[in-house]
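Visitor: below is the sequence, then the predicted model.
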Amino acid sequence: MAELPQVVRGFGVTFLTMFKKVNTQQYPEERDLYPPKPRFHGRHLLNRHPDGLEKCVGCELCAWACPADAIYVEGADNTEEERFSPGERYGRVYQINYLRCIFCGLCIEACPTRALTMGNEYELADDNRADLIYEKQDLLAPILPGMIPAPHAMVEGMTEQDYYQGKVTKASPAQQVEREHADAIRRADEAKR
């Protein structure tokens, strides 16, 4: 029997494929059937320490590492009255332009404090270009139980090094009292205006 020509064999593969079951995901109705893999590079997340202080120290290394120039960071100094991170500085302005971001992960590798990580959120489409420039408040991790929102003092008796070594596990009662006192002063000032 003579060999079948290559063209006929190619059409045979196509013809047999027509009878196989199609594996189609009905997105967005069935989006939870195939969750992203753990190492998927999704939307960025600015992490917090267990007491609520931010991990970002405003070093701008992530912005320097970004090949698409999608990150803008402006650092500022912490004061004893307003402390946002355990170090000397914090990221006062933090923006990621998702119109430019290529999700390469170089910013994550450059971050010395593990402040910036990538989550699994992948639905970033929008009909307004301005909404795709995420600000610091959009990127910050949520406040979990045991945390209080910054600004507040560090846990008493702890240093910046203790924070980075993971010795702080939650907000202390003194931090909570101080935060409530600062909120009361702020509300009184607003009432006077």
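Guide: Noted; the coordinates are in hand.
Visitor: pLDDT weak spots in this structure?
Guide: Low-confidence segments of the chain (pLDDT under 70): 1-2.
Visitor: where along it do the strands fall?
Guide: For the chain, the strands defined by DSSP state E occupy 44-46, 71-77, 89-97, 116-118, 133-134.
Visitor: these: which one's closest to Ala141?
Guide: Closest approach to Ala141 among these (C-beta to C-beta): strand 44-46, 5.5 Å. The way it works is simple: take the backbone N, C-alpha and C, and place the C-beta from them, glycine included.
Visitor: now tell me what touches the closest one from outside.
Guide: 54-56, 91, 94, 96, 107, 115-119, 134, 136, 139-141 (C-beta atoms under 8 Å, 6 or more residues apart in numbering).
Visitor: now with 6 Å?
Guide: For strand 44-46, contacts defined as C-beta atoms under 6 Å, 6 or more residues apart in numbering pick out 56, 96, 115-119, 139-141.
Visitor: now stretch 65-74
Guide: Residues from elsewhere that reach stretch 65-74 (C-beta under 6 Å, 6+ apart): 60, 62-63, 91-97, 100-102, 106-107, 110.
Visitor: which one (most neighbours) among those?
Guide: Tallying neighbours with other C-beta atoms under 10 Å puts Tyr94 at the head of the contacts of stretch 65-74, with 28 neighbours.
Visitor: what sits against it?
Guide: Listed by C-beta under 6 Å, 6+ apart, the contact set of Tyr94 reads 73, 136.
Visitor: quick one, helices of this protein?
Guide: In the chain, the helices defined using DSSP state H lie at 6-17, 61-65, 106-110, 136-139, 160-164, 173-192.
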